[in-house]
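# the following block contains a protein sequence and its predicted model.
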Amino acid sequence: MARYTGPKARVSRRLGTNIWGTKGENIAMEKRPYPPGEHGRTRRRGNVSEYLLQLQEKQKARFTYGMSEKQFRNLYEEANRRQGVTGENLLRFCELRLDNVVYRAGWGATRPQARQLVNHGHVEVNGKRVNIPSFRVRKGDVVRLRDKSRQLLVVQWNMDTLDRTPPAWLESADGGQEVTVRELPLREHIDVPVREQLIVELYSK
């Protein structure tokens, strides 16, 4: 399955949370606080199955970080091979994606917008242009906007209006147009509302 490009509000209503962080999703969820579809109002009145809870948590994480099912599964398998807690490893790898770093730095209003900035070549890592959103940064890497890209209206608007403070594992410099990966993110640094243990249980079956 490819990366999702369909209606965002529909997915957010299905999973019960604002996945992409847009105003339209909030409005849709306030107007229709129930799952989409013909039977959305009456569905799931009884007990929700354990499998459904696990699947929903996986979908929350996958849609939030903008990955295909295959990408997410491969990331889980790598997290499972590494030392440490598998669920925390998985979220850490998601956070270290270049498009997420651009989002955390406040250059993109949403992760899809941050992904577009990377795709269009507006970002450098250690002085080299990188246009692969899934590129994984490492401790000590310096991520910065290219000189020409700093004049983009959308970037300037995001930085002035959002006033987003980078998480503790990122160190901002050069007026907020450059960030350095100080350390690998810990679980307490990751504010994505996902219960990663349920994802591990799902893939462990």
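That came through fine.
# give the contact list for the most centrally placed residue in the chain.
In the chain, the centroid-proximal residue (C-alpha atoms, centre = their mean) is Tyr65; its distance is 3.0 Å. By C-beta atoms under 8 Å, 6 or more residues apart in numbering, the contact set of Tyr65 is Phe72, Cys94, Arg97, Asn100, Arg111. Every residue, glycine included, has its C-beta placed from N, CA and C.
# distance of the first one relative to Asp174?
So that's Phe72. Distance of Phe72 to Asp174, computed by C-beta to C-beta, to the nearest Å: 33 Å.
# please say which of the two ends up with more neighbours.
Phe72 (21 against 11; other C-beta atoms under 10 Å).
# what helix or strand does that one sit in?
helix 69-81 (DSSP states H and E).
# tell me who's in contact with Val179.
Contacts of Val179 (C-beta under 8 Å, 6+ apart): Val101, Arg104, Ala105, Val142, Val143, Arg144, Pro166, Leu170, Glu171, Ser172, Ala173.
# what about the third one, neighbour count?
Read it as Ala105. Neighbours around Ala105, by other C-beta under 10 Å: 25.
# and this structure, what are its domains?
Per automatic domain parsing, the structural domains of the chain span 1-46, 49-95+190-205, 97-183.
# what about the strands in this structure?
Applying DSSP state E to the chain gives strands spanning 123-125, 128-129, 142-145, 170-173, 178-181.
# in the protein, which helix has the most residues?
helix 50-65 (DSSP state H).
# quick check: Arg115 touching Gly66?
Yes - using C-beta atoms under 8 Å, Arg115 is in contact with Gly66, at 5.9 Å.
# ok so, going back, compare the contacts of Val179 and tell me which is most surrounded.
Val101 (27 neighbours).
# pLDDT score for that residue?
We have a pLDDT of 97 for Val101.
# and it, what does it touch?
Contacts of Val101 by C-beta under 8 Å, 6+ apart are Glu95, Val137, Val143, Leu170, Val179, Val181.
# show me where pLDDT drops low in this protein?
1-16, 18-26, 28-47 (pLDDT under 70).
# and the helices in it?
8-15, 23-31, 50-65, 69-81, 86-95, 98-104, 111-119, 153-162, 196-203.
# how many other residues sit next to the residue nearest to Leu75 when sequence neighbours are not counted?
Distance criterion C-beta to C-beta, 6 or more residues apart in numbering; nearest residue to Leu75, sequence neighbours excluded, is Phe93 at 5.3 Å. Using other C-beta under 10 Å, Phe93 has 19 neighbouring residues.
# tell me how far Ile199 lies from Thr165.
For Ile199, the distance to Thr165 - C-beta to C-beta - is 27 Å.
# which one of those two has more residues nearby?
Using other C-beta under 10 Å, the more surrounded residue of Ile199 and Thr165 is Ile199, with 26 against 12.
# having no further points to raise, I will conclude here.
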